[in-house]
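K.L.:
Give me coordinates for this.
(chains A and B)
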Number of protein chains: 2
Amino acid sequence: MSERAAHRVVIVGGGFGGLNAALALRKAPVQVTMIDKRNYHLFQPLLYQVATGGLSPANISAPLRAVLRKQKNCTTLMGEVTAFDMTAQEVVLSDGGRVGFDSLILACGATNNYFNHPEWEAVAPGLKSIEEATDIRSRILTAFELAERESDPIVRQKLLTFVVVGGGPTGVELCGAICELAHSTMKNDFRNIDPRATRILLIDSGERVLSSFPEKLSLAAMKSLAKMGVEVISNTRVVQIHDEYVVISRNKGPEEIVPAEVSIWAAGVKASPLGKMVADLTGCTTDRGGRVQVEPDMSLRGHPNLFVIGDMMTMPWKDGLALPGVSPVAMQQGAFVARLIDRRLAGLAHPGSFRYWDKGSMATIGRASAIVDAGFLRFSGFFAWLAWLFVHIAFLIQFENRLLVMSQWFWNYITRNRYARLITGNNRDI
Amino acid sequence: MSERAAHRVVIVGGGFGGLNAALALRKAPVQVTMIDKRNYHLFQPLLYQVATGGLSPANISAPLRAVLRKQKNCTTLMGEVTAFDMTAQEVVLSDGGRVGFDSLILACGATNNYFNHPEWEAVAPGLKSIEEATDIRSRILTAFELAERESDPIVRQKLLTFVVVGGGPTGVELCGAICELAHSTMKNDFRNIDPRATRILLIDSGERVLSSFPEKLSLAAMKSLAKMGVEVISNTRVVQIHDEYVVISRNKGPEEIVPAEVSIWAAGVKASPLGKMVADLTGCTTDRGGRVQVEPDMSLRGHPNLFVIGDMMTMPWKDGLALPGVSPVAMQQGAFVARLIDRRLAGLAHPGSFRYWDKGSMATIGRASAIVDAGFLRFSGFFAWLAWLFVHIAFLIQFENRLLVMSQWFWNYITRNRYARLITGNNRDI
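P.N.:
Got it, this is the predicted structure:
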């Protein structure tokens, strides 16, 4: 097969799914083009550490070009895909450039879902990108700085109140980390305020936080959070989010005003808008979160060469649930689609339906506290935290900077310090 | 002496001079207030490493509160001083807040000096802050990304041309680091361009770069730069800087257009505008760069309790030259003023005139190349680079993260990699 005639695979998105697909195609007789609007792969599960000053953005990122450098059949392009030309089989970039494909893998992930309140985005950033993480970091640290200069005790209390909306893993991890920052790292840093007076509110509409975990673990997490000093407010609906306060309703009760300087959104995500776009073009349907309904092999019905993977797709799983939006699903799907394309080109049998190998899930609550659910094995506490740390750092291995991250983490653990406590950006209030 | 009656020392600026003054006052019977518009001390000499993806911002920063945490007689405030009330002896913050002082130390450093071309700031950022460094990093990396997608060879050449204006240590270090990034780190990262074709132009109006060094070392540096592939264009005036090209005049010759995607300004600095403000209020004079003429003890004439130190002041030195704007001057002046105040309060004799202890100077050119001028000892090459590395990392020691920086550096050196190659911020072109 000549170089020119190689089957062209275009992958849009260099997250867990897309990057894994590209890597899995390294020996296939294809020409891969990886397109991402960023020039780096981001290890999103650790973004909360950036938002709370424990790690630097570069610690959890890897330049896509560096990761794919040695893969000769792969070209990386930084660009934003804004449209598809299905007739010509091309993706269209924001500057009008076009990239032709024979197979297309969409792996653009998810963004924050504010449901019917897009106006909340400005006052309650989510935690999906480096810019959002450093923005949250600046907001949190600036609140402490303003509190140190404030003489009015009511205003000071407002400045030292942080609201996190949504009790999934991101919300819980964020609360735990803010708690450590305020109650431990910075406890001797101020002269006029006691950072230990900081209030951290975790608001969730359900009965329990981490509700996707077994009840026992979820309750252990809530206990752990309470012990750290996080106020878990469950069964509570967020009615409104403003610059300086949040309106909530507990147990369908009357509206209540909670003055808070910083609000953070961790209550939900929706698929990249490219999902809806491609669904409309191909006659597929999407769910409420904009996720594309895919076939059991992640292709689109009637379009065996178009694939949607990871947080952009939805597919039935078990117990009436859909596949969860977690990185192992995306990674396994990336590898599956790569294998499917490879086998198809070799004239081998179709690999059948994708089956998710669920190795379990884990969430960390704070310093030396986590929960692990590996099916037969469920535990919480310090050893769960070690397991969490091990798995997360092991996954960074492919980014070659694991040693640095590990030493940073070890140092933070020993000293209870967080060195990346920088207020950066040009939108600072002070 | 009761707590209430303690002598109030206000220090504006947490750079080398101000921070050193605060630390030197730790045992003095004073109440220190450190005011900075940032919440961190920045190790500016390594900013060029951030601009070229070798280090993360947090690697070269230390939260001021963390550094001053244990110093009980010191309060840190994040705030921007915008005016002085000399009658009431108060500094005025941007939000109207006031902080009273008995002694005032101004140590606000310098900003980029575009001389009579303020419009160049937008097209040719300088390298004085973290935001500028990450902006330059994004510009450099984006240029490569655009070049990879460009088919017109003339446009591609423009995209791969970088102009650094000013051949002082910052300009030289930056050119060396861009060179390493393009010619070594990224050499296998692209498919359509060869990053080794990158042109890096260092433009200087003088005869030689690093002109403050002895001629022999300066010539060694120029040789080293040329060997790396940097085009040193001396005796050349920059007539105009535009978005996509620079107009220069060599040896007073005709104007010449150099198409270049990225221009960086390293041609000069001026004192913080607070210098001029305080000079006007006290009847002192400033030099062309806005530096305040101070007495031999850094006080202002007729105002023995007002001090200006570091890059904000000017003072005669030797051979008709003024003291250079380097960190050792600022640090020694900070310690000197602290001692002066301490002795004055104890009723001891005035310490006399400040005398700068010049331990020599050094500049790095690139990987394993530097020059060192320690007076009697002058050398260049690999050992000069080791000396440079040792001194710079040793000075980071007080920030406790030296081990991490050293391991990061060691890793970069071994692998020729630069992991902090992130295009961040919301102003990306792609």
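K.L.:
rest of the way, CA atoms for contacts and neighbours
P.N.:
Will do.
K.L.:
Do a quick rundown of the helices in the stretch 301-430 of chain A.
P.N.:
Using DSSP state H, counting those that start in this stretch, the helices of the stretch 301-430 of chain A run over residues A:327-345, A:382-396, A:402-415.
K.L.:
So which of these is nearest chain B?
P.N.:
helix A:402-415 (6.9 Å; CA to the nearest CA).
K.L.:
for the record, mean pLDDT for the closest one?
P.N.:
Helix A:402-415 carries an average pLDDT of 72.
K.L.:
roughly how far is it from the heart of the chain?
P.N.:
On the basis of CA atoms, centre = their mean, to the nearest Å, helix A:402-415 sits 22 Å off its chain's mean C-alpha point.
K.L.:
that older thread, for the helices of the stretch 301-430 of chain A, which one ends up most surrounded?
P.N.:
helix A:327-345 (a mean of 21; mean count of other CA atoms under 10 Å in any protein chain shown).
K.L.:
Show me what that helix is in contact with.
P.N.:
Here helix A:327-345 makes contact (CA atoms under 8 Å, 6 or more residues apart in numbering or on different chains) with A:16-22, A:24-25, A:28-29, A:103, A:297-298, A:307, A:309-311, A:323, A:349-351, A:354, A:356, A:358.
K.L.:
if you set the cut-off to 7 Å instead, what comes out?
P.N.:
Contact with helix A:327-345 is made by A:16-18, A:20-21, A:24-25, A:28, A:309-310, A:349-351, A:354, A:356, as judged by CA atoms under 7 Å, 6 or more residues apart in numbering or on different chains.
K.L.:
Run through the stretch 1-150 of chain A and note the low-pLDDT ranges.
P.N.:
Where the stretch 1-150 of chain A drops to pLDDT under 70, the residues are A:1-5.
K.L.:
Tell me the spacing between the residue nearest to residue A:28 when sequence neighbours are not counted and residue A:354.
P.N.:
Nearest residue to residue A:28, sequence neighbours excluded (CA to CA, 6 or more residues apart in numbering or on different chains): residue A:342, at 5.7 Å. Distance, residue A:342 to residue A:354, by CA to CA, to the nearest Å: 15 Å.
K.L.:
picking up where we left off before, point out the one among the helices of the stretch 301-430 of chain A that comes closest to residue A:198.
P.N.:
Between residue A:198 and these, the tightest spacing by CA to CA is seen for helix A:402-415, at 20.9 Å.
K.L.:
Output the contacting helices and strands for the closest one.
P.N.:
Judged by 3 or more CA pairs under 7 Å, 6 or more residues apart in numbering or on different chains; DSSP states H and E, helix A:402-415 has no packing partners among the helices and strands.
K.L.:
and that helix with helix B:402-415, angle?
P.N.:
180 degrees (axes from the mean of the first three to the mean of the last three CA atoms, to 10 degrees).
K.L.:
Look up how far residue A:178 lies from residue A:112.
P.N.:
On the measure of CA to CA, residue A:112 and residue A:178 end up 20 Å apart.
K.L.:
between these two, who's got more neighbours?
P.N.:
Using other CA atoms under 10 Å in any protein chain shown as the criterion, residue A:112 and residue A:178 rank with residue A:178 on top: 25 against 19.
K.L.:
Now the more buried one: closest residue in space, sequence neighbours ignored.
P.N.:
residue A:52 (6.3 Å).
K.L.:
Just list the residues touching the residue of the stretch 101-250 of chain A found nearest chain B, thanks.
P.N.:
Chain B sits closest to residue A:189 of the stretch 101-250 of chain A, with a gap of 5.1 Å, by CA to the nearest CA. Residues in contact with residue A:189 (CA under 7 Å, 6+ apart) are B:65-66, B:69.
K.L.:
what's the answer for residue A:160, then?
P.N.:
A:143-144, A:147, A:198-199, A:261.
K.L.:
Any figure for the gap between the residue nearest to the spatial centre of chain A and chain B?
P.N.:
Central residue of chain A (CA atoms, centre = their mean): residue A:44, 4.4 Å from the mean position. Between residue A:44 and chain B the distance is 15 Å, computed by CA to the nearest CA, to the nearest Å.
K.L.:
Now that residue, what are its backbone angles?
P.N.:
Backbone torsions of residue A:44, given as degrees, to the nearest 10, read phi -50, psi -40.
K.L.:
Leaving out chain neighbours, which residue sits closest to it?
P.N.:
Distances taken as CA to CA, 6+ apart place residue A:128 nearest to residue A:44, at 6.9 Å, with adjacent residues excluded.
K.L.:
and that neighbour, what helix or strand is that in?
P.N.:
Under the criterion DSSP states H and E, no helix or strand holds residue A:128.
K.L.:
number of nearby residues for it?
P.N.:
Residue A:128 has 20 nearby residues by other CA under 10 Å.
K.L.:
Tell me the residues of the stretch 101-250 of chain A that contact chain B?
P.N.:
A:131, A:145, A:188-189, A:191 (CA under 7 Å from any CA of the partner chain).
K.L.:
Quick check: residue A:170 touching residue A:264?
P.N.:
No - counting by CA atoms under 7 Å, residue A:170 does not reach residue A:264; the two are 10.4 Å apart.
K.L.:
and these two? which has more neighbours close in?
P.N.:
The neighbour count for residue A:170 versus residue A:264, taken as other CA under 10 Å, is higher for residue A:170 (28 against 25).
K.L.:
after the helix or strand hosting that one comes which helix or strand?
P.N.:
Assigned by DSSP H and E, residue A:170 belongs to helix A:169-180. Beyond helix A:169-180 on the C-terminal side, the first helix or strand identified by DSSP H and E is strand A:199-203.
K.L.:
and that next one, which strands flank it?
P.N.:
Partner strands and pairing direction for strand A:199-203 (DSSP bridges) are strand A:161-165 (parallel), strand A:230-233 (parallel).
K.L.:
What are the phi and psi values at the residue of the stretch 301-430 of chain A found nearest chain B?
P.N.:
As assessed by CA to the nearest CA, chain B sits closest to residue A:420 within the stretch 301-430 of chain A, at 4.9 Å. Backbone geometry at residue A:420, expressed as degrees, to the nearest 10, gives phi -90, psi 40.
K.L.:
Distance-wise, check the nearest residue to it once chain neighbours are set aside relative to residue A:423.
P.N.:
Nearest residue to residue A:420 in three dimensions, chain neighbours excluded: residue A:53, at 4.3 Å (CA to CA, 6+ apart). As judged by CA to CA, residue A:53 and residue A:423 stand 10 Å apart.
K.L.:
what sits in contact with each of these two?
P.N.:
What both residue A:53 and residue A:423 touch, as defined by CA under 7 Å, 6+ apart, is the set residue A:137.
K.L.:
So if I had to pick from these two, which one is more boxed in?
P.N.:
Remark: of residue A:53 and residue A:423, residue A:53 carries more neighbours, 26 against 23, as counted by other CA under 10 Å.
K.L.:
Quick check: that one vs residue B:137, distance?
P.N.:
21 Å.
K.L.:
Equivalent analysis for residue A:183, please.
P.N.:
35 Å.
K.L.:
Between the two, which is the more surrounded one?
P.N.:
residue B:137 (23 against 18).
K.L.:
got the contact list for that one?
P.N.:
Applying CA under 7 Å, 6+ apart, the residues near residue B:137 are B:51-53, B:423.
K.L.:
What are the boundaries of the helices in the stretch 1-150 of chain A?
P.N.:
A:16-24, A:47-51, A:64-68, A:120-123, A:130-149.
K.L.:
Would you mark the buried spots in the shortest one?
P.N.:
Put plainly, it is helix A:120-123. For helix A:120-123, a neighbour-count test (16 or more other CA atoms under 10 Å in any protein chain shown) marks A:120, A:123 as buried.
K.L.:
So is stretch A:54-74 next to chain B?
P.N.:
Yes - using CA under 7 Å from any CA, stretch A:54-74 reaches chain B at A:56, A:58, A:62-63, A:65-66, A:69.
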